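Asker: I would like the atomic coordinates for the input below:
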Amino acid sequence: MIVIILLNFLALMKTLDSKTAKIIQAILAAGKKVIDNSQGTYMPVMVSTGRWRKGFRTVSLSQKNMRGDGSVYLTTVLFLHDKTAEKYIPFGYRNELSGIETYSIAINEGVPTLLDGGLQEDHTAFASMWLRDINIKHCLGQ
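Answerer: Numbering: from 1, shown residues only. Reported below is the predicted structural model:
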């Protein structure tokens, strides 16, 4: 029953396209908690992964950003990683500077539930753009 629910869930979600998925796979394959291949030119990317539950795990990517006054704030994007389909589903966004924190999927007892399909599409569009920018700045070669 859970498998059917998760398959239906995946059909509703916008996932990263294959090119962008390769970027997040490269980040995770590096096995590091911090990615900084720019020799200090750009702010590093911090990586955090949750434990696997019912075929999914959460992946959090955060990047420090510096304001003109020298203060630092974080931008964070949260993903669900589906192990069987190797899909990445963006579902959360946080920006410390603006105080924005949005979630399009809730995870209860390891089972994801769509809260807002339009917002989840926005999360996917932003995550794709952001990951492509990280790929270029940190020379990930994807």
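
Asker: burial of Leu80, as a residue count?
Answerer: Leu80 has 23 neighbouring residues, counting by other Cβ atoms under 10 Å. All C-beta spots, glycine's among them, are computed from the backbone N, C-alpha and C.

Asker: got the contact list for the longest helix anywhere in the chain?
Answerer: Identified as the longest helix of the chain according to DSSP state H is helix 117-137. Under the criterion Cβ atoms under 8 Å, 6 or more residues apart in numbering, residues 12-17, 20, 23-24, 26-27, 35, 38, 41-42, 45, 61, 63, 75, 77, 79, 89-93, 102, 104-105, 114, 140-142 lie in contact with helix 117-137.

Asker: same thing but 7 Å
Answerer: 12-14, 16-17, 20, 23-24, 38, 42, 45, 77, 90-93, 102, 104-105, 114, 142 (Cβ atoms under 7 Å, 6 or more residues apart in numbering).

Asker: can you give me how far it is from the chain middle?
Answerer: 8 Å (Cα atoms, centre = their mean, to the nearest Å).

Asker: what does stretch 111-122 give?
Answerer: The chain centroid and the centroid of stretch 111-122 are separated by 14 Å, computed with Cα atoms, centre = their mean.

Asker: So Gly68: helix, strand or coil?
Answerer: Secondary structure for Gly68, judged by DSSP: H, G, I helix; E, B strand; the rest coil, is coil.
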